[in-house]
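1. this one's structure only:
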Ligand code: 2P0
């Protein structure tokens, strides 16, 4: 029988026998990609066709507590989740890979610190916080690179959610994904801001995972995406180092619109953007023609995220009074990795 490629990743990185778990809590921030992950070269391992680059959302993320228990249980945002719920099935499949056939039951309590109304609930912070908590609970002493590889297997974008600030996930080349992990960029930009303009906080109709796979499989425009996304990633990293905000913004906005164009060309077409999303873009573009240096990025949902600098916050709030503004560098602590 062919070995399970996903289990092989965990087998390579973890000790043969895990210690009995101790109680552990971990936080991981959500993140927004300035250059997007869109398309996989390997689905079970979440290996991407292109590198991506994100900014983390400060204190907005997921806190997860693990405790030894008599049987596995999951509580999410204060509510018990049935073991037959698809969310619990995906989460425990990941935990089982980590536990590697050993009977080490856990109670899992996970809470999003992201306001539900922001419509941003993400698997990125969820799988990153779970990976950090498992590492602590089992005292596995994984390195940052190993943590990122394991989080990636849970959800691709989770590989980027282990740090605050700007993070780059290199696509890697190898079949086993051992060279596909994220790393923090040593760039501090305290005046960098993000605004979330919520136009729809309901559950999306297609998961980003399904949307991504459908686009790769059917969109004739997709073939142009990986090389352009790789270039965008490099341009944005360079512009961040040079603190060239206009280049960061123009490139990020074009990258997001390019990703959405690949979806619109899918057969049948896929569109996460709503008329209200386009109205936000029209308002933004008019303001930009009038001199405002703010840019948009959109993910697998209708909400629009803006990036701008602190000096323009008043103008952004005047244009979008309901927007939630985030200062991603106003976070006090590094993200904890190991048991105290
Ligand atoms: C990103 N997205 O770079 C892109 C932009 C959505 C649009 O990463 O299948 O939930 O779990 O690896 O990480 C969302 O995809 O997908 C995502 P899986 P994931 O942020």
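-> Structure received. Note that the structure is predicted; figures quoted are calculated from it, not measured.
2. just give me how far stretch 160-168 sits from the chain centre.
-> Chain-centre distance of stretch 160-168: 9 Å, with C-alpha atoms, centre = their mean, to the nearest Å.
3. end-to-end on it?
-> End-to-end distance for stretch 160-168: 7 Å, by C-alpha to C-alpha, to the nearest Å.
4. close to the ligand, is that stretch?
-> No. Using C-beta under 6 Å from any ligand atom, stretch 160-168 stays clear of the ligand, coming no nearer than 7.7 Å. C-beta: built from backbone N, CA, C; applies to glycine.
5. quick thing: my sequence starts at 36, can you match it?
-> Done: numbering now begins at 36, and the last item shifts to stretch 195-203.
6. quick one: name the residues of the stretch 236-375 of the chain near the ligand.
-> Counting by C-beta under 6 Å from any ligand atom, the residues of the stretch 236-375 of the chain close to the ligand are 243-244, 334-335.
7. pick out the most distant pair among the residues you listed.
-> Greatest spacing in these, by C-beta to C-beta: 244 and 334 (12.5 Å).
8. ok, the two, which is more surrounded?
-> Using other C-beta atoms under 10 Å as the criterion, residue 244 and residue 334 rank with residue 334 on top: 22 against 16.
9. give me the secondary structure label for the more buried one.
-> Following DSSP: H, G, I helix; E, B strand; the rest coil, residue 334 is assigned to coil.
10. touching, it and residue 67? I think so.
-> Yes. Using C-beta atoms under 8 Å, residue 334 is in contact with residue 67, at 7.1 Å.
11. joint contacts of these two?
-> Here residue 334 and residue 67 have residue 340 as joint contacts, going by C-beta atoms under 8 Å, 6 or more residues apart in numbering.
12. the helix or strand harbouring residue 274 packs against which elements?
-> Assigned by DSSP states H and E, residue 274 falls within helix 260-276. On a contact count with 3 or more C-beta pairs under 8 Å, 6 or more residues apart in numbering; DSSP states H and E, helix 260-276 meets strand 59-70, strand 87-103, strand 201-204, helix 280-299.
13. and that helix, average pLDDT?
-> Throughout helix 260-276, pLDDT has a mean value of 98.
14. got the angle for it vs strand 59-70?
-> Angle, helix 260-276 to strand 59-70, by axes from the mean of the first three to the mean of the last three C-alpha atoms, to 10 degrees: 100 degrees.
15. between helix 280-299 and helix 260-276, find me the angle.
-> 160 degrees.
16. in helix 260-276, what counts as buried?
-> 260-261, 263-265, 267-268, 270-272, 274-275 (16 or more other C-beta atoms under 10 Å).
17. would you mark the buried spots in stretch 160-175?
-> Of the residues in stretch 160-175, those buried under the neighbour-count criterion (16+ other C-beta under 10 Å) are 160-173, 175.
18. pLDDT value on residue 77, please?
-> pLDDT, residue 77: 97.
19. quick one, what contacts the closest residue to it other than its chain neighbours?
-> With sequence-adjacent residues excluded and distances taken as C-beta to C-beta, 6 or more residues apart in numbering, residue 77 is closest to residue 212, at 6.9 Å. Contacts for residue 212 were tallied using C-beta under 8 Å, 6+ apart; they are 44, 77, 80-82, 184, 187-188.
20. residue 194 versus residue 212, what's the distance?
-> 10 Å (C-beta to C-beta, to the nearest Å).
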